[in-house]
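Asker: Next one to model:
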Amino acid sequence: MPITTRITLFAGVVAGLLCSLLAIVLMIAINRFAVADATEEITSAGGRVAVEMERGRLGYPLAERPGRNIQVVDPQGRVVASTSKLQGKPAMATFTPDGKNSATSVVCGGVFPPGDCDIVVAQWAHRAGERWLVYSSSPSIPPWVDPRLAGAVGGSALALAAAITYLGRRNARASLRPVKAIRAELEEINAAAPHRRVPVPAADDEIHDMAESVNRTLSRLDTTLRHLRQFLSNASHDLRSPVAAMRAELEDALHAPEETSVATVVRSVLVSVDRLQAIVQDLLTLERLDAGVPGARDLIDLAELVAECRIRRDRAKRIEYSLGPGAVVIGDRSQLARVVTNLLDNAERHAETMVAVTVRHEPGGQCGDQRTPYGAAVLEVVDDGPGIDPDNRELVFQRFTRLDSDRSRGAGGTGLGLAIARQIAEAAGGTLRIEDSSRGAHFVLRLPCAPSASGPTDPAPPG
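Answerer: Numbering: from 1, shown residues only. Now for the predicted structure:
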């Protein structure tokens, strides 16, 4: 069942119940007011007769209004005077005011026609030292008071319920109209038009917030789709380059076998194979990182990890190490080793003569970051190369980005190392940024320290 229909039914049922209750309460209030007014008039009419009795003169007719009945009863209970309708009939009631001046009751039957009830008021009248009774009555007022009044109240309640139901339906349709527009626009958005967005209603309500949330989601999907397309384009280009190089080497050897040897061809092809293998390995690493596969939770001394990576490296450039104590983190050792290796490879690739590597413990709260309550383990890698322009500092962390493509390919870079390093750092709760330096590129890896790393530890061995 559509939402508009459900809201209309709900509004109609609730409006009908409330309007019916309002009509009933209103009729009860009118009935009580009418009964009180009629009782007051009956009491006034009987009081007039009682005053005339006390003065010794009784004027006729006793009742001035049609339908009004009055009886005068002597102390012995005999009716000595009455209106014409009750001539020759006994007293209309048997109750007395007792200690009060008057008493009221509803009497049915008796001297009144069968099925009729009257409001009867009994009052004392003092004459010659005796107490006489004056009964005055009028027909009781029905719950509906008057048929025309009951019809007017009932009709008004029905009209009010219908108006509320109509307004509820109209409001529901007006409220859901933006939803229909959003749905229609979503039906049109596809891979061929990812830039389109749903309309945002002007009203500041939940649908407005939903439309903005949908547009933010579409923007993220559009960004992801563009990155994916760019990634596929760059990946296909980078994979095609080593394949084309291997094909060229093999075709040259095939067309001129006397000018080369098997060893020469194999060595040339292995260079492209190594590059192809590195690209595929980096793509697999990125796929695992994008999938959010959880890594190990090891307690790692960052200084010791850098020392291990230093031992395994071929020293193409001079590297100066300053490994301080207390930089203990929790993470996956193989992934963090990959970060260190990628940073060192990148620095050696672009350094002219020297690379400086520093590991230190940064006290908690120094940077105002609540993610590092026990301090931060900081790894700084600085080279003396040409450096990176401030406008390109975020660009280098994008996948397949090379600011110097020829040199990167010649040095064996895949364009994915820094992207992988930053993704691993963020997955471990840290950051990887490029900061200012007097010369060259200054990479800073900052990871939250483990709770046990709040105090200093022994420095890493020189290695």
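
Asker: What residues sit buried inside the helix or strand harbouring residue 423?
Answerer: Per DSSP states H and E: residue 423 is located in helix 417-427. Residues 417, 418, 419, 420, 421, 422, 423, 424, 425, 427 are the ones in helix 417-427 that count as buried (16 or more other CB atoms under 10 Å). In short, each C-beta sits where N, CA and C put it, glycine included.

Asker: With stretch 209-229 instead?
Answerer: Applying 16+ other CB under 10 Å to stretch 209-229 flags 210, 211, 214, 215, 218, 222 as buried.

Asker: What of stretch 123-134?
Answerer: Neighbour-count burial for stretch 123-134, counted by 16+ other CB under 10 Å, picks out 123, 124, 125, 132, 133, 134.

Asker: Tell me if residue 338 really is in a helix.
Answerer: Yes. Assignment of residue 338 by DSSP: H, G, I helix; E, B strand; the rest coil places it within a helix.

Asker: which ones are touching it?
Answerer: Applying CB atoms under 8 Å, 6 or more residues apart in numbering to residue 338 gives the contacts 285, 420, 421, 424.

Asker: mind running it again at 7 Å?
Answerer: 420, 424 (CB atoms under 7 Å, 6 or more residues apart in numbering).

Asker: Check which helices and strands the longest helix along the chain sits against.
Answerer: Looking across the chain with DSSP state H, the single longest helix is helix 3-54. Identification of packing neighbours for helix 3-54 by 3 or more CB pairs under 7 Å, 6 or more residues apart in numbering; DSSP states H and E yields strand 69-73, strand 117-127, strand 130-139, helix 147-188.

Asker: what's the most buried one of those?
Answerer: Across those, the average number of neighbours (mean count of other CB atoms under 10 Å) peaks for strand 69-73, which reaches a mean of 24.

Asker: Residue 78: neighbour count?
Answerer: By the measure other CB atoms under 10 Å, the count of residues near residue 78 is 10.

Asker: Start at 130, not 1
Answerer: Got it, the first residue is 130 from now on, which makes the last one we talked about residue 207.

Asker: Surely residue 133 and residue 300 touch.
Answerer: No. With contact defined as CB atoms under 7 Å, residue 133 does not count as touching residue 300 (9.9 Å).

Asker: Which of the helices or strands spans residue 405?
Answerer: Assessed by DSSP H and E, residue 405 sits inside helix 391-419.

Asker: what kind of secondary structure is the residue nearest to residue 559 when sequence neighbours are not counted in?
Answerer: Spatially, and ignoring its direct neighbours in sequence, residue 559 is nearest to residue 576 (3.7 Å; CB to CB, 6 or more residues apart in numbering). Taking three-state DSSP as the rule, one finds residue 576 in the strand state.

Asker: Any idea what residue 576 is bridged to?
Answerer: Beta-bridge pairing for residue 576 (DSSP bridges): residue 506.

Asker: Who are the contact partners of residue 208?
Answerer: Counting by CB under 7 Å, 6+ apart, residue 208 has contacts 200, 202, 219, 220.

Asker: Remind me which helix or strand the third one belongs to.
Answerer: Meaning residue 219. Assigned by DSSP H and E, residue 219 belongs to no helix or strand.

Asker: Quick check: pLDDT value at it.
Answerer: pLDDT, residue 219: 88.

Asker: neighbours around it, how many?
Answerer: Residue 219, neighbours per other CB under 10 Å, totals 15.

Asker: Enumerate every residue touching it.
Answerer: With CB under 7 Å, 6+ apart, residue 219 has these contacts: 208, 240.

Asker: before we move on, the earlier item: any idea which of the buried residues of helix 546-556 is the one closest to residue 156?
Answerer: Of all the buried residues of helix 546-556, residue 556 has the smallest distance to residue 156: 72.6 Å, by CB to CB.

Asker: Apart from its chain neighbours, what residue comes closest to the closest one?
Answerer: Excluding the flanking residues, the one nearest residue 556 by CB to CB, 6+ apart is residue 418, at 6.5 Å.

Asker: does that neighbour really touch residue 554, like I thought?
Answerer: No. At 10.8 Å, residue 418 and residue 554 do not qualify as touching, with contact defined as CB under 7 Å.

Asker: Could I get the pLDDT score of the residue of the chain positioned farthest from its centre?
Answerer: Most distant from the centre of the chain: residue 257, at 86.9 Å, with distances by CA atoms, centre = their mean. Note on residue 257: pLDDT of 77.

Asker: What of residue 328?
Answerer: 86.

Asker: In contact with it, which residues are there?
Answerer: For residue 328, the contacting residues are 307, 310, 311, 314, 340, by CB under 7 Å, 6+ apart.

Asker: Residue 341 now?
Answerer: residue 329.

Asker: Assumed it was part of a helix.
Answerer: Yes. Assessed with three-state DSSP, residue 341 lies in a helix.

Asker: From residue 326, how far off is it?
Answerer: Going from residue 341 to residue 326 by CB to CB, to the nearest Å gives 10 Å.

Asker: What ranges does the stretch 380-529 of the chain have for its strands?
Answerer: Taking DSSP state E, counting those that start in this stretch, the strands of the stretch 380-529 of the chain run over residues 427-430, 447-452, 457-460, 483-491, 505-512.

Asker: quick one on the thing from earlier: can I get the contacts of residue 328 in JSON lines with distance to residue 228 and pLDDT?
Answerer: Listed next are these as JSON lines, based on distance: CB to CB, whole Å; pLDDT from 0 to 100:
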{"residue": "307", "distance to residue 228": "73", "pLDDT": "86"}
{"residue": "310", "distance to residue 228": "78", "pLDDT": "87"}
{"residue": "311", "distance to residue 228": "77", "pLDDT": "85"}
{"residue": "314", "distance to residue 228": "83", "pLDDT": "85"}
{"residue": "340", "distance to residue 228": "76", "pLDDT": "88"}
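
Asker: Kindly report the domain assignment for the chain.
Answerer: The chain breaks down by automatic domain parsing into domains covering 132-276, 320-422, 427-583.

Asker: show me the contacts for residue 239.
Answerer: residue 221.

Asker: List phi and psi for it.
Answerer: With angles defined as degrees, to the nearest 10, residue 239 sits at phi 70, psi -120.

Asker: If we go by neighbour counts, what in stretch 175-193 is buried?
Answerer: 175, 176, 177, 178, 179, 181, 182, 191, 192.

Asker: any chance of those in TSV, plus distance to residue 490 and pLDDT?
Answerer: Output for the buried residues of stretch 175-193, formatted as TSV (distance: CB to CB, whole Å; pLDDT from 0 to 100):
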residue	distance to residue 490	pLDDT
175	105	85
176	104	85
177	107	87
178	110	84
179	108	84
181	113	84
182	113	82
191	113	76
192	109	75
